[in-house]
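> Everything below, folded, please.
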Amino acid sequence: MARTKIEIPYNGWLPRDHQMALWQYLQDGGKRAMAIWHRRAGKDEVCLHHAAVSAVERVGNYWHMLPEYAQARKAIWTAINPHTGKRRIDEAFPVALRANTNDNEMLIRLANGSTFQCVGSDTYDTLVGSSCAGVVFSEYALSNPSAWGYLRPMLEENNGWAVFITTPRGHNHAKVLYDYARTQDDWFAELLTVKDTGAMSESELAETLQEYISIYGEDHGRSAFEQEYYCSFTGGLVGAFYAREMYDVRSEGRIISDLEALPDRPVHRAWDLGVRDDTSIWFFQIAGPQLRILDFYSSSGVGLDAYVEQIALRQNQYGWLSGDDLVPQDAKVRELGSGRTRVETMRSLGLAPVLVRAATINDGINAVRRTLPLCVFHSRCEAVGMSALEQYRREWNDDAKCFRASPLHDWTSNPADAFRYLSMGWRPQPRLVAPAPQSMGIVIPPPREPKVGGIVL
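Residues are numbered from 1 along each chain as shown. Take a look at the predicted model:
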């Protein structure tokens, strides 16, 4: 039987003029690329075809990562090209080259042994230990930045490539990575607005702007339009709870690379204790009316002893005095199996748990808004912790075309919750000492130094 010749890129696909620089960099063997392109510029299209070429040329595993696993199915796996009526993955990965296709796992296995799979940054920890030759971080500004930290050693070991594609979402981790990429000779960095590409006519842009305004209102609609089509970093993420406060943090220069703890004051910790999700910890110090936010750490799938090791590592490295551990009310619930509360476990490991007083989420959000103007951040908090605060937002109701009052639960939730506990519990609470009858000769002891606010256990 005669073999059918199949050319890759498939079906005669060629990059458009504005896509050529990125395409050529990747085809020439480039390993790291950051492309901030406007909406509808064809970011995913270029990356899908590059992954197909790579999978044919080098046997390996290739991933296309969206912020959430469910988004990967909708945006890539089942998405239809409106111009051709064909699935996007079928246009890049012809069926004739495949050994099989697993719809449940969104995985294509080619006849040569390579695989292509759609994945989500919300489940990046399930990928650790796998072997990967190339990964696309699509909508990186909305993705969990910890995913890159976990996957980077794997790609470096395999001499693999990574492409980050996104539109801006304020000054978050995507902006930090873009600024870094611009300074590196071995990185590709490019920002393309709709004016740069000419991909949309003036009438199309005007119509799109009116659509955004009708959905989000005048101010938010214009801000979202500027982000999506003119790649503006100045506007915050639409629906973000702390957009204004975090903008002020950046504009007022309150991110300091050499911020140090005062040597004679303790460094406290605020926790969100995850079970299935990440556990997040903010390290902070109270310096009069100012809060020094010194570090942020999060992880998942490990016990409390692993976090104690991280705390000890920082204390030894920076000489920090150990302070209190602010924890939520559910830390006093007894766990199945051990029968112990997490408070008891923390205390047995040498920590100093303090329960933050119960409050509604809205009260906690208001506390964060009052606390952020008092904060200065060390720059090591920026990539993950501060990005989470900037992106923590209301959930969007597609049916009603409005934001719900409740927060969206995604990777930002745990860091934001931990900062909420920090904000509700950092103020020292004075300890009241009842006066003793002097006639009985009882000496009243001086009040103790106030601890971090909350219920001391």
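
> For the rest of this, base every contact and every neighbour count on C-alpha atoms.
Will do.

> Using PDB, write out the CA atom coordinates for stretch 135-147.
Taking C-alpha atoms only, stretch 135-147 is exported to PDB below (Å, rounded to 0.1, in the frame of the first residue of the first chain):
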ATOM      1  CA  VAL A 135       5.200  23.100  27.100                       C
ATOM      2  CA  VAL A 136       3.000  26.100  26.100                       C
ATOM      3  CA  PHE A 137       1.700  28.200  29.000                       C
ATOM      4  CA  SER A 138      -1.400  29.800  27.400                       C
ATOM      5  CA  GLU A 139      -3.100  32.700  29.100                       C
ATOM      6  CA  TYR A 140      -0.100  32.800  31.400                       C
ATOM      7  CA  ALA A 141      -1.100  35.900  33.200                       C
ATOM      8  CA  LEU A 142      -4.100  34.000  34.700                       C
ATOM      9  CA  SER A 143      -2.100  30.800  35.300                       C
ATOM     10  CA  ASN A 144      -0.600  29.600  38.600                       C
ATOM     11  CA  PRO A 145       3.000  30.800  38.300                       C
ATOM     12  CA  SER A 146       4.100  27.900  40.600                       C
ATOM     13  CA  ALA A 147       3.500  25.600  37.600                       C
END
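
> Sketch out the low-pLDDT regions of the stretch 151-300 of the chain for me.
Residue ranges of the stretch 151-300 of the chain with pLDDT under 70: 236, 275-277.

> Swap in 90 and give it another go.
169-172, 214-224, 233-240, 243-244, 247, 251, 274-278, 288-289, 299-300 (pLDDT under 90).

> who's in contact with the residue nearest the centre of the chain?
For the chain, the residue nearest the mean C-alpha position is Asn144 (3.1 Å; Cα atoms, centre = their mean). Asn144 is in contact with Pro67, Ser121, Asp122, Val384, Trp411, Thr412, counting by Cα atoms under 8 Å, 6 or more residues apart in numbering.

> now swap in Leu66 and tell me
By Cα under 8 Å, 6+ apart, the contact set of Leu66 is Ala72, Cys118, Val119, Gly120, Ser121, Phe137, Ser138, Glu139, Tyr140, Ser143.

> wait, which of those residues is closest to Val376?
Ranked by distance to Val376 (Cα to Cα), these are led by Ser143 at 24.7 Å.

> And for that closest one, the neighbour number?
26 (other Cα atoms under 10 Å).

> So for it, what's the pLDDT?
For Ser143, the pLDDT comes out at 94.

> Most neighbours among the contacts of Asn144, which one?
Among the contacts of Asn144, the one with the most neighbours (other Cα under 10 Å) is Ser121, at 27 neighbours.

> Next one, pLDDT for the closest residue to that one other than its chain neighbours please.
Closest residue to Ser121 apart from its sequence neighbours, by Cα to Cα, 6 or more residues apart in numbering: Pro67 at 5.0 Å. With respect to pLDDT, Pro67 scores 95.

> Leu372 against Tyr247, yeah?
No - Leu372 is beyond contact range of Tyr247, at 10.5 Å (criterion: Cα atoms under 8 Å).

> Please flag which of the contacts of Leu66 sit within strands.
Mapping those onto strands (DSSP state E) picks out Cys118, Val119, Gly120, Phe137, Ser138.

> For ChimeraX, write the select line for the buried members of these.
Filtering the ones in strands among the contacts of Leu66 down to the buried ones (16 or more other Cα atoms under 10 Å) takes a single ChimeraX command:
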select :118,119,120,137,138
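
> from the ones in strands among the contacts of Leu66, which is closest to Ser406?
Set against Ser406, the nearest of those by Cα to Cα is Gly120 (22.7 Å).

> contacting residues around that closest one?
Applying Cα under 8 Å, 6+ apart, the residues contacting Gly120 are Met65, Leu66, Pro67, Glu68, Tyr69, Ala70, Gln71, Ala72.

> Also Ala51?
Tyr62, Phe116, Gly134.

> now it: how far from Thr123?
Counting by Cα to Cα, to the nearest Å, the gap from Ala51 to Thr123 is 21 Å.

> now Val249
For Val249 relative to Thr123 (Cα to Cα), the value is 30 Å.

> out of the two, which sits in the busier spot?
More crowded of Val249 and Thr123, by other Cα under 10 Å: Val249, with 19 against 16.

> For the more buried one, what are phi and psi?
Phi and psi for Val249, reported as degrees, to the nearest 10, are phi -60, psi -50.

> My guess is it contacts Pro373. True?
Yes - counting by Cα under 8 Å, Val249 sits close enough to Pro373 to count as a contact (7.3 Å).

> quick one, which of Leu372 and Tyr247 is more surrounded?
Just comparing Leu372 and Tyr247: by other Cα under 10 Å the higher neighbour count belongs to Leu372, 19 against 16.

> For that one, which non-adjacent residue is spatially closest?
Spatial nearest neighbour of Leu372, excluding adjacent residues (Cα to Cα, 6+ apart): Glu245 at 6.3 Å.

> Repeat that for His409.
Glu395 (7.9 Å).

> Show me the contact partners of the helix or strand hosting the one you found.
Element membership for Glu395, per DSSP states H and E: strand 394-397. Contact partners of strand 394-397, identified using Cα under 8 Å, 6+ apart, comprise Gly239, Ala240, Phe241, Cys402, Phe403, Arg404, Ala405, Ser406, Pro407, Leu408, His409.

> From Glu395, how far out is the fifth one?
Looking back up the chat, that one is Phe403. Distance of Phe403 to Glu395, given as Cα to Cα: 6 Å.

> Report the set of residues contacting both of the two.
By Cα under 8 Å, 6+ apart, the residues touching both Phe403 and Glu395 are Gly239.

> Straight-line length of stretch 181-192, end to end?
15 Å.

> no, scratch that, I was asking about stretch 61-80
Termini of stretch 61-80 sit 24 Å apart (Cα to Cα).

> now it, how far from the centre of its chain.
Chain-centre distance of stretch 61-80: 17 Å, with Cα atoms, centre = their mean, to the nearest Å.

> Can you mark which positions in it are buried?
61-69, 72-73, 76-78, 80.

> Quick check: of those, which lies closest to Leu22?
Closest to Leu22, out of all of the buried residues of stretch 61-80 and judged by Cα to Cα, is His64, at 16.8 Å.

> Quickly list what the closest one is bridged to.
Cys118, Val136 (DSSP bridges).

> That one against Val136, yeah?
Yes - at 4.7 Å, His64 counts as touching Val136 under the criterion of Cα under 8 Å.

> my read: Ala52 touches Val95, true?
No - the criterion here is Cα under 8 Å, and Ala52 misses it with Val95 at 11.9 Å.

> who has more neighbours, these two?
Legend: neighbour count by other Cα under 10 Å for Ala52 and Val95, higher for Ala52 (23 against 14).
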